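Chemist: need coordinates for the following:
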Amino acid sequence: MDAPRQALVFHIGMKRYAVDILDLKEVSRMPQLAHTVTDNSVDLGLIQLHGRPVRVYDLGQFLGQPPEAQEGPSCARHWLIVCRTDADAVHWRVDDVEDIVEYSEAQVTVQDAATSHGPESVFDVLELDQQLIYLLRPDRVDEQAMRGIGEPA
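Modeler: Predicted coordinates:
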């Protein structure tokens, strides 16, 4: 039997996503954005985090969620999730944070990142309590990937 793991479950619109807590650096309410002019709909702008400016990305837009699917009563104030990546860290805005749950690797269906394209290449599927949750793999999502989505053709 494999060792139990933990993941943070969060929402973007009506969909549930998760990230393993070993990939997680920080979770907080979304601070005020210092908007920057950009042609990239995924790039929300800059925030001050621990005394330094960092770029925040709209994870819902990156994953192809239409903006109207990201709105609702629970979205009045978004959350910031900071995850470790191979390069450094990525800062995502999400709609709502649900809970930390335990899971095992046996509950995860691994997607082949080499054959998947676009946003589908960044998550595996976690079956938890007879529900499917998209388990994000931050090591597959760096700032360069985030910048490549949403730019005009």
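Chemist: so I21 sits right up against V101, yeah?
Modeler: No: look at I21 against V101 with CB atoms under 8 Å: they stay out of range, at 9.9 Å. For glycine as for every other residue, the C-beta is placed from the backbone atoms N, C-alpha and C.
Chemist: between these two, who's got more neighbours?
Modeler: Ranked by neighbour count (other CB atoms under 10 Å), I21 and V101 place V101 first, with 16 against 13.
Chemist: what sits up against the helix or strand containing the more buried one?
Modeler: V101 belongs to strand 96-103 when assigned by DSSP states H and E. The contact list for strand 96-103, computed with CB atoms under 8 Å, 6 or more residues apart in numbering, reads 4-11, 16, 18, 21, 27, 74-75, 79, 81, 126, 128.
Chemist: which PyMOL command selects the buried ones in the residues you listed?
Modeler: Per 16 or more other CB atoms under 10 Å, the buried members of those correspond to this PyMOL selection:
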select buried, resi 5+7+8+9+10+11+16+18+27+75+79+81+126+128
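Chemist: L136 and V9: what is the separation?
Modeler: 11 Å (CB to CB, to the nearest Å).
Chemist: and for the two, which residues touch both?
Modeler: Counting by CB under 8 Å, 6+ apart, the contacts common to L136 and V9 are 17-18.
Chemist: buried residues in stretch 59-66, which are they?
Modeler: Within stretch 59-66, the residues that count as buried by 16+ other CB under 10 Å are 59-63, 65.
Chemist: so for it, mean pLDDT?
Modeler: Averaging pLDDT along stretch 59-66 gives 83.
Chemist: how far is that stretch from where the chain is centred?
Modeler: 9 Å (CA atoms, centre = their mean, to the nearest Å).
Chemist: alpha carbons only: can I get it in PDB?
Modeler: Provided in PDB are the C-alpha atoms of stretch 59-66 (Å, rounded to 0.1, in the frame of the first residue of the first chain):
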ATOM      1  CA  LEU A  59      -5.900  29.800 -13.700                       C
ATOM      2  CA  GLY A  60      -9.500  29.600 -14.900                       C
ATOM      3  CA  GLN A  61      -8.600  31.400 -18.200                       C
ATOM      4  CA  PHE A  62      -5.500  29.200 -18.600                       C
ATOM      5  CA  LEU A  63      -7.600  26.000 -18.200                       C
ATOM      6  CA  GLY A  64     -10.200  27.300 -20.800                       C
ATOM      7  CA  GLN A  65     -13.000  28.200 -18.400                       C
ATOM      8  CA  PRO A  66     -15.100  31.000 -19.800                       C
END
